[in-house]
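In: only geometry, no sequence info:
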């Protein structure tokens with residue numbers, strides 16, 4: 001299965017939405033309409049993600065994950081309408097899960113070039129001379 005179909009499967013089966021009243025744009029409409037969209041996703045109980053993907057998702061989502069239960073909660077209350085907020089939170093969820101599902105590239109360590117090493121040593125020598133010039137001269141008796 002590819003990543004996009006897996007994300008769509010997660011959205012269809014494992015994600016729950018909750019709507020509530022919220023402050024923000026919309027004037028008096030926010031006092032009587034439930035426009036705030038909250039997305040709930042239980043990471044630990046997910047059948048669509050591997051253990052490594054779940055760990056990456058927890059690391060990427062950060063403060064949005066309640067670590068005791070492993071539940072990812074994403075909210076959106078920026079728009080005036082419930083559907084717009086729901087679409088925004090779904091879009092953000094897709095981005096986060098997509099990032100967690102893509103395997104990070106391994107970093108190949110490279111050696112520092114000789115010119116770079118020499119420039120760093122010259123810079124250190126210059127700094128050392130500058131600091132030496134700030135010292136009080138020694139008086140010999």
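Out: Received, thanks. Because the structure is predicted, anything quoted here is derived from the model rather than measured.

In: can you give me the helices for this protein?
Out: 3-13, 29-32, 51-61, 82-101, 114-134 (DSSP state H).

In: out of those helices, deepest packed?
Out: helix 82-101 (a mean of 17; mean count of other Cβ atoms under 10 Å). Backbone N, C-alpha and C define where each C-beta goes, glycine included.

In: quick check, distance from it to the centre of its chain.
Out: 13 Å (Cα atoms, centre = their mean, to the nearest Å).

In: neighbours of the residue nearest to residue 6 when sequence neighbours are not counted, how many?
Out: Leaving aside its chain neighbours, residue 6 sits nearest to residue 48 (5.4 Å; criterion: Cβ to Cβ, 6 or more residues apart in numbering). Neighbourhood size, residue 48 [other Cβ atoms under 10 Å]: 16.

In: and residue 48, what are its phi and psi?
Out: phi -90, psi -20 (degrees, to the nearest 10).

In: among the helices of the chain, which gets the worst mean confidence?
Out: Lowest mean pLDDT of those: helix 29-32, a mean of 69.

In: tell me, how many neighbours does residue 16 end up with?
Out: The tally of other residues near residue 16 (other Cβ under 10 Å) stands at 10.

In: now it: how far from residue 127?
Out: The gap separating residue 16 from residue 127 is 59 Å, by Cβ to Cβ, to the nearest Å.

In: likewise for residue 45?
Out: Residue 45 is 56 Å from residue 127, by Cβ to Cβ.
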